[in-house]
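K.L.:
One predicted model, sequence on top.
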Amino acid sequence: MSSKQSELSPEPNNLLSDQTHSYQSDIVKLNQDSVISDETPISQKEHNDKPEEVHLSTSPHCKSEFEATPSTDEKLLETRTIKILDEPALVDIWGKERISFANNCSSPSQPHDPLYFDSDSSSNISPSSWCKTSGEQFSVRTGPDYAKNKKKSPSASPLYEIIDVRYFNSPKRTTNIADVLPFPTIKAFPDSKVPVIKDPNVPELLVVHFNFPSEHPSVFRPKDDGEGGELILYLKPTESFLNDLNRVDGNDSSASTKLFAEWCKHCTVSFEWRSRFKCMGIVRDLEKHNVSFLKPYNGKPVLIKESGKARRGVSEDGIRYLEMSANVHGWSFIAKKGFVSILPKLKGMNLDMGFTIEAISDEELPERMLGCMLLNNINPKNMHTISTEMQKSSHE
């Protein structure tokens, strides 16, 4: 019996599969799973829709106009104390091999974004490293009437902050990663103090897990599993988000906070809600990498649909978590071919990565990044490889 009690999302409802909202003219079909959100250039349209308006700011730390401002009478966050397990207890639950593997595949963090702050940035970026970013590099939907105006602006700061990143290779995709590798609890809550979240559906730790193919796909033998790489992101709520979420009158919370709380409430039981999880990636200095085919999609959102799964549970440390996974193995031939073709170039790339929840109505706007980070110089050849035995739940 697992010490992490989890609730799995159901299989997708075929009636909902691949359905998009009828007024979302910015949705372009990519494959049977994902949908890329993209503004078609006005010259390619048959009617005179307004093109997307994107207002980019120059500073990575300037405050967005949508940043929630706490009231002056806001109290300090309440906390609860957890018992972080010592090494013997962790070994008893997970075993030495899993603990060692988790530590070895954790990527080192940079103290700040070197591409913004260092004059010679390329010499200051550690191999396979990551750092926190402000979220402003991502353009998100704003109101009013996004369906008509198609206006986007830089995001406010993210709701969750990244605390650990793990990469590894795998002979086949790993599922239910929260049952396979221990959480980086000490990195998330080093003082054993966990902020109290009044909404029981909102996680104290958010886990986002991607399975990527490394094999060239076959148009005649499509498959949703195989050799590949895996990326696991661990995030915790920011103080500003928690203050907004825990307001005495929940109706005063920002639109993005209320939208995420609703998504958390429904994502494990509703395919339609879960499919509003939206990922974005921006390759910096794209021109120097000779991947011109990526240019139309650089920074464009991808909705995770059939390949997505959400589950929630409580860790052995007493941490309430929510795990969202995306299986890129299950995407279309063209999407996988494009992805596999850039794998050798990742070791020289700096990739802004982020995700948010798709806002549809004016009441849900503006969107705001849920989490974001900069991933630097990922080299799949230098990654550790998880064994098939370790891919099984540690609690079986």
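P.N.:
Nice, I can see it.
K.L.:
Where do the strands of the stretch 51-200 of the chain begin and end?
P.N.:
Taking DSSP state E, counting those that start in this stretch as the test, the strands found in the stretch 51-200 of the chain are 53-54, 79-81, 129-132, 139-141, 151-154, 160-170, 193-195.
K.L.:
which helices and strands sit right next to the fourth one?
P.N.:
Going back to what we said before, that points to strand 139-141. Applying 3 or more C-beta pairs under 8 Å, 6 or more residues apart in numbering; DSSP states H and E, one finds that strand 139-141 contacts strand 151-154. Glycine gets a C-beta too; all of them are placed from N, C-alpha and C.
K.L.:
got it, and the third one?
P.N.:
Secondary-structure packing of strand 129-132 (3+ C-beta pairs under 8 Å, 6+ apart): strand 160-170, strand 371-376.
K.L.:
Over to the fifth one?
P.N.:
With contacts taken as 3+ C-beta pairs under 8 Å, 6+ apart, strand 151-154 sits against strand 53-54, strand 139-141.
K.L.:
chain center to the last one: distance?
P.N.:
What it means is strand 139-141. Here strand 139-141 is found 16 Å from its chain centre; the criterion is C-alpha atoms, centre = their mean, to the nearest Å.
K.L.:
Lowest average pLDDT across the helices and strands packed on strand 151-154?
P.N.:
For the helices and strands packed on strand 151-154, mean pLDDT drops lowest on strand 53-54, to a mean of 34.
K.L.:
hang on, the earlier thing: I'd like to know which of the strands of the stretch 51-200 of the chain lies nearest to residue 345.
P.N.:
Residue 345 lies closest, by C-beta to C-beta, to one member of the strands of the stretch 51-200 of the chain: strand 160-170, at 15.8 Å.
K.L.:
quick check: angle from the closest one to strand 371-376?
P.N.:
Relative orientation of strand 160-170 and strand 371-376, computed by axes from the mean of the first three to the mean of the last three C-alpha atoms, to 10 degrees: 50 degrees.
K.L.:
List the buried residues in strand 160-170.
P.N.:
Residues 160, 161, 162, 163, 164, 165, 166, 167, 168, 169, 170 are the ones in strand 160-170 that count as buried (16 or more other C-beta atoms under 10 Å).
K.L.:
Pretty sure the second one sits against residue 369.
P.N.:
No: the pair residue 161 and residue 369 does not pass the contact test of C-beta atoms under 8 Å, sitting 10.7 Å apart.
K.L.:
Need phi/psi at residue 349.
P.N.:
phi -100, psi 150 (degrees, to the nearest 10).
K.L.:
ignore the last one, residue 242
P.N.:
Comment: the main-chain dihedrals of residue 242 come out as phi -70, psi -40, following degrees, to the nearest 10.
K.L.:
Tell me how far it lies from residue 87.
P.N.:
Using C-beta to C-beta, to the nearest Å, residue 242 is found at 30 Å from residue 87.
K.L.:
could the buried residues of strand 160-170 go into CSV alongside distance to residue 102 and pLDDT?
P.N.:
What follows is these, written out as CSV (distance: C-beta to C-beta, whole Å; pLDDT from 0 to 100):
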residue, distance to residue 102, pLDDT
160, 20, 98
161, 20, 98
162, 16, 97
163, 14, 97
164, 9, 98
165, 12, 97
166, 7, 98
167, 12, 96
168, 9, 97
169, 15, 97
170, 14, 97
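K.L.:
now the residues you listed as TSV including distance to residue 203?
P.N.:
Output for those, formatted as TSV (distance: C-beta to C-beta, whole Å):
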residue	distance to residue 203
160	9
161	13
162	14
163	13
164	15
165	18
166	18
167	22
168	23
169	27
170	25
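K.L.:
what about the helices in the chain?
P.N.:
Taking DSSP state H to define them, one finds helices in the chain at 87-94, 96-104, 114-117, 146-149, 185-188, 239-245, 255-266, 271-274, 333-342.
K.L.:
Okay, angle between the second one and helix 87-94 too, please.
P.N.:
Put simply, helix 96-104 runs at 110 degrees to helix 87-94, going by the same axes, to 10 degrees.
K.L.:
Give me the below-cutoff pLDDT ranges for this structure.
P.N.:
Flagging of the chain using pLDDT under 70 yields the residue ranges 1-76, 112, 114-126, 250, 396.
K.L.:
ok, back up a step: out of the buried residues of strand 160-170, which is nearest to residue 356?
P.N.:
Nearest to residue 356 among these, counting by C-beta to C-beta, is residue 160 at 10.7 Å.
K.L.:
Can you tell me, leaving aside adjacent residues, what's nearest to that closest one?
P.N.:
Leaving aside its chain neighbours, residue 160 sits nearest to residue 235 (3.9 Å; criterion: C-beta to C-beta, 6 or more residues apart in numbering).
K.L.:
for residue 208, same thing?
P.N.:
Taking C-beta to C-beta, 6+ apart as the measure, residue 208 lies nearest to residue 233, with 4.4 Å between them; neighbours along the chain are not counted.
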